[in-house]
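Asks: prediction below, plus the sequence it came from.
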Amino acid sequence: MSSIDLTWVIGGPQGGGVETAANIFAGACAGCGLKIFGKREYYSNIKGEHSYFGVRVSDSTIRSNVSGITMLVAFDAETIFRHAEDVFDDGAIVYESDLSQVKADEVQTLDLQFKGRLVKYLDSKNKPATIQGALDAAKERGVTLYPVSFKAILSNLADETGNPKLRGMFRMQNVLAVSVSLGLLGLAPDTLLSSVANIFAKKKEIAEMNKHAANYAYNFAAAKFQKFKHQLSPIPKEPNTILVQGFQSTGLAKIACGCRFQSYYPITPASDESVFLESNETFDIENERPGSTMVVQTEDEISAIGMVIGAALTGTRSATSTSGPGFSLMAEMLGWAGINEVPIVVTLYQRSGPSTGLPTRHGQDDLQFAIHAGHGDFPRIVYASGDTEEGFYDTAKCFNFAENFQIPVIHMMDKFIASTVSTVPRFDVKKITIERGKLLQKIDSEGYTRFAPSPDGMSPRSKLGLENGIFWNTGDESDEHGHISEDPVNRVYKMDKRAKKLEVALQTISKEDQAVKYEGSETCIVSWGSTKGPILDAIEMLKKENKKVGFVQIKLLHPFPADYIKSLLKDVNTIINIEANHSAQLGSLLNEYLDRKVDYHILKYTGRPMTCNEIYESVKKVLDDKAEKKEVLTYGV
Amino acid sequence: MVSNLSDYKTEVHNDWCPGCGDFGIVNAIQMALAEMEIPRHKAAIFSGVGCSGKTSHFINTYGVHTLHGRVLTFAQGAKLANPGMTVVAAGGDGDGLGIGAGHFVAAGRRNVDMTYIIFNNAVYGLTKGQASPTLKLGLKTKSLPEPNVNQSVNPIALAIASGFTFVARGYAYDVRQLKDLIVAAVKHRGLAFLDVLQPCPTYNDINTRDWFAGMDNIDEITKKPLPRIYKLEDTGYDPVVHIDSTMEENEKLTQALIKSNEWDAKIPTGIFYKNELIAPYDQRISDRIPNYLENPPASQEISNNGKPITNISKILDSLEV
């Protein structure tokens, strides 16, 4: 049992600095060697709606969020209304003491559906629908309350420093809240101060002001309140640890593995990656001139993928990054890349659909769409990463697949990974290989044809600008040169040639890149993508009760490695499919390919990621033979 | 290297209708490439979908026949990744001003150094003659069941409003002038747009070769036809923005817009507007990435014996806890 494992949640209106606060908190804890797993939840809104950031801190490996909150920090009423019920009985609420008289009806951003549930809950506890009611209900369960007047602290600080402006700097409450929290949690203030300095590194004066405020609030809390029963303490730092956000993993890999062209159209949650690439558009190259990535913001996603294809034709490693609605627009282009055998990578950060769906929320809704997008039969690879660390190494693999097989590759990521902040081992560029397939750098004589017959389906690939390498491309069916051909014999040749690649891909992509098996057991979870973390954490929890469950994570989803998956599951009696969508999309694939049926589906489609507790509970139900065929998870605000 | 016109021709069978204006345009492109002596492997012709989409197959350079309406997206991506290429995009008026109109406008804003030629015949030929975005309101071409109910778009005016920095019009049956315009367009530093009036002998029975030649408009005194087509350069028209001033720019933009509205009795061809004082996209990028043009994406080394050579340690250092 780990001695430290707590979840700290801060909430507030969008645009109010919640993210900054959480980053400071995470930085301070990570600076003490502690492991971090944090996630951001927010509305499709710029300012005013409720957003919150949960940071799980532990002294041992963590890969997911838990259900419940150890310490909730609120300086607005909505945060208390929305989350107080979720605080553990032995948890705490740190809140702005001014708020106690606020009624639920006065909070405009509380939607009617939620308000209805809130009033019902408080009513069942004989409490009024006010902050005081919500706090009393929590207190009766054992929750410790820490009322703090953040406004008074600001005012004291203003007097003390002779800076009256401070009184109105409400964003500074975020730093105060973190500092009060850490004071209560007993973590020495040095890493807090360096984390503050780090976050405000580009604004020196603001950094100094915030450091001063942090120090003041930390001491205030330590002096005023008794220590909270859950305490944080430093542990030996593991060297080479980074605190990284999910979207940075694919971005960093793109830089490292030589993607030099990325075009995109703004969309949540994918565009953070493109903005990251543009912010780091130049870099050093060993023994070479400095390198650069051209990042182009296009007029729509059709243009984004069109530019990617154009750039890829010049021999440049090229990619786009998008989410479901954008990927829908790319479908026709995907077929063009398929018929012309152009290596491109589409990083698909899924969110909840259909249509605009839940624009800022998580989902794994697009697996079947990625496999089938575009009209006509053409080969593509669909590959899914399970977490931030895999996001880095898999991105590099996706480019290798694209170039080795001269094929479009769809790299499945999602909102859960994109907005997760976690401590992971520093990415090791040395573990990446760069395979460019049959890309030609030189052609000595005339007579080249782009689609010359080749036993493995891949012909030597020229690029725009290469002497003696002229070719033609067309969205029509074409002959060896790439000129239009409607000849039936040629049609069969070209269709078979392209389809062949998928056979070769299955033969040559290594087994460990196709799927990963974590322990075996008669009962085995099968899943894909970001469910990996909560599943592994749930398995650990079950293990502590001597309950054994296996897990197979499928990474290569198309072409589907049916024989390999069958071999991994050959000793399994009960298959539990887990994924974050409504129709069990991987479940359908398993049913199609495995010669047997999935026994249980554990699904979630609230738009919120699964917690390890949810999976633990539902798998336990399966083991106890108490589960429905389809278990639907619902935790989360 | 001396270039022969025949070097730029492929042996692909050309299946355009007899008398189609497209022949003149493809000839003019080949002549322009030969005149500029552009090595075949340094040129890429991108085309859209429709009759004009086949253009790239008839020219013996890199040829990329793309999707309906999307030609500019592919062409810009290739040019930005490999700015050493001479890139010419070609497509129909339905392709560029109907389904692809969004890309047309966005391309103008970027001003990538390349050329875009629209084969403008006012009909969708390959799908049997429906009205295209440039067909005038109320006209009923051969295969329309009813007269056209939409206003036509003015390609020259739209190009100017979108930010194209070279805007010209040619006529498919005046191949010599068209060749000269293509040479000027390719040499222009920035995005050049060329609207080519291209009679469709099969489906557009209104804007025919005879109509452009004024065969229906006989001078009462000389008894000769009064051609509709005339050349701006013959009228002393100066399309060039010479100095970087708002007044100069407004004057040149305004005169071009006024000229673009001439139709029916008199139809101007030649260069309407040319402004090289606006930075092309590559220059804007070079301001941020100083070695972009000498070491563009397509030229960059990314690996050594299968291992990456890009150093990302600075970014990783900043993420260290």
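Replies: Everything's here; your move.
Asks: now do the strands in the stretch 1-150 of chain B.
Replies: Taking DSSP state E, counting those that start in this stretch as the test, the strands found in the stretch 1-150 of chain B are B:43-47, B:62-65, B:86-92, B:115-120, B:123-124, B:130-131.
Asks: quick one: closest of these to chain A.
Replies: Chain A lies closest, by CB to the nearest CB, to one member of these: strand B:62-65, at 3.7 Å. Every C-beta, even on glycine, is put in place using the N, C-alpha and C of the backbone.
Asks: parallel or antiparallel, list what pairs with the closest one.
Replies: Applying DSSP bridges, strand B:62-65 is found paired with strand A:472-474 (parallel), strand B:43-47 (parallel).
Asks: which one is the residue in the stretch 451-600 of chain A that chain B sits nearest to nearest to, not counting chain neighbours?
Replies: At 3.7 Å from chain B, A:T474 is the closest residue in the stretch 451-600 of chain A, using CB to the nearest CB. Sequence neighbours aside, B:H65 is the residue nearest to A:T474 in space, at 3.7 Å (criterion: CB to CB, 6 or more residues apart in numbering or on different chains).
Asks: tell me the contacts of that neighbour?
Replies: Listed by CB atoms under 8 Å, 6 or more residues apart in numbering or on different chains, the contact set of B:H65 reads A:472-476, A:484, B:46-47, B:49, B:53-54, B:56-57.
Asks: thinking again about what came up before, most tightly packed of the strands paired with strand B:62-65?
Replies: Per residue and on average, the most neighbours among the strands paired with strand B:62-65 fall to strand B:43-47, with a mean of 29 (mean count of other CB atoms under 10 Å in any protein chain shown).
Asks: mind checking how far that strand is from the chain centre?
Replies: Distance of strand B:43-47 from its chain centroid, counting by CA atoms, centre = their mean, to the nearest Å, is 11 Å.
Asks: output the set of residues of the stretch 101-250 of chain A in proximity to chain B.
Replies: A:K237, A:N240, A:T241, A:I242, A:L243, A:V244, A:Q248 (CB under 8 Å from any CB of the partner chain).
Asks: from those residues, pick the one nearest chain B.
Replies: Of all those, the one sitting nearest chain B is A:I242; the distance, using CB to the nearest CB, is 4.0 Å.
Asks: quick check: next helix or strand after the helix or strand where that closest one lies?
Replies: Per DSSP states H and E, A:I242 falls inside strand A:241-245. The helix or strand immediately downstream of strand A:241-245 is helix A:246-256, counting by DSSP H and E.
Asks: gap between that following helix and the chain center?
Replies: Remark: helix A:246-256 is offset 12 Å from the chain centroid, using CA atoms, centre = their mean.
Asks: and the angle from that helix to strand A:241-245?
Replies: Angle of helix A:246-256 versus strand A:241-245, following axes from the mean of the first three to the mean of the last three CA atoms, to 10 degrees, is 110 degrees.
Asks: keeping just the C-alphas, turn helix A:246-256 into CSV.
Replies: Presented in CSV, the C-alpha positions along helix A:246-256 are these (Å, rounded to 0.1, in the frame of the first residue of the first chain):
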residue,chain,number,x,y,z
GLY,A,246,-0.2,14.5,-23.4
PHE,A,247,-0.3,16.7,-26.5
GLN,A,248,3.3,17.5,-26.0
SER,A,249,4.3,13.9,-26.5
THR,A,250,3.2,13.6,-30.1
GLY,A,251,4.5,17.1,-30.8
LEU,A,252,7.9,16.3,-29.4
ALA,A,253,8.1,13.0,-31.4
LYS,A,254,7.2,14.8,-34.6
ILE,A,255,10.1,17.1,-34.1
ALA,A,256,12.5,14.3,-33.2
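Asks: I'd like the average pLDDT over it.
Replies: Averaged over helix A:246-256, pLDDT sits at 98.
Asks: not counting sequence-adjacent ones, nearest residue to residue 130?
Replies: Just so you know, I chose chain A. Using CB to CB, 6+ apart and skipping residues adjacent in sequence, the residue nearest A:T130 is A:K103, 5.0 Å away.
Asks: if you could check chain B rather than the one you did, that'd help
Replies: B:Y124 (4.4 Å).
Asks: so that neighbour touches B:G94, yeah?
Replies: Yes: in this structure, B:Y124 is within contact of B:G94 by CB atoms under 8 Å, at 4.9 Å.
Asks: between those two, what contacts are shared?
Replies: B:G50, B:S132.
Asks: more neighbours: which of those two?
Replies: Set B:Y124 next to B:G94 and count neighbours by other CB atoms under 10 Å in any protein chain shown: B:G94 wins out with 31 against 23.
Asks: surely A:R351 touches A:G326?
Replies: No: using CB under 8 Å, A:R351 makes no contact with A:G326, being 10.4 Å away.
Asks: which parts of the stretch 401-550 of chain A sit against chain B?
Replies: Residues of the stretch 401-550 of chain A lying near chain B by CB under 8 Å from any CB: A:423, A:426-427, A:429-430, A:432-436, A:463-476, A:482-484.
Asks: let's see 7 Å
Replies: Applying CB under 7 Å from any CB of the partner chain, we find that the stretch 401-550 of chain A lies next to chain B at A:423, A:426-427, A:429, A:432-435, A:464-467, A:469-475, A:483-484.
Asks: skipping adjacent residues, who's closest to residue 53 in space?
Replies: The chain I'm using is chain A. Excluding the flanking residues, the one nearest A:F53 by CB to CB, 6+ apart is A:A22, at 3.5 Å.
Asks: to clarify, I was referring to chain B.
Replies: In space, B:G53 comes closest to B:S47 once its chain neighbours are excluded; the distance is 4.6 Å by CB to CB, 6+ apart.
Asks: give me the neighbour count for A:L439.
Replies: A:L439 has 17 neighbouring residues, counting by other CB under 10 Å.
Asks: from what I can see it touches A:G315, true?
Replies: Yes: A:L439 lies in contact with A:G315 (CB atoms under 7 Å); the separation is 6.0 Å.
Asks: got any residues that touch both of these two?
Replies: A:K463 (CB atoms under 7 Å, 6 or more residues apart in numbering or on different chains).
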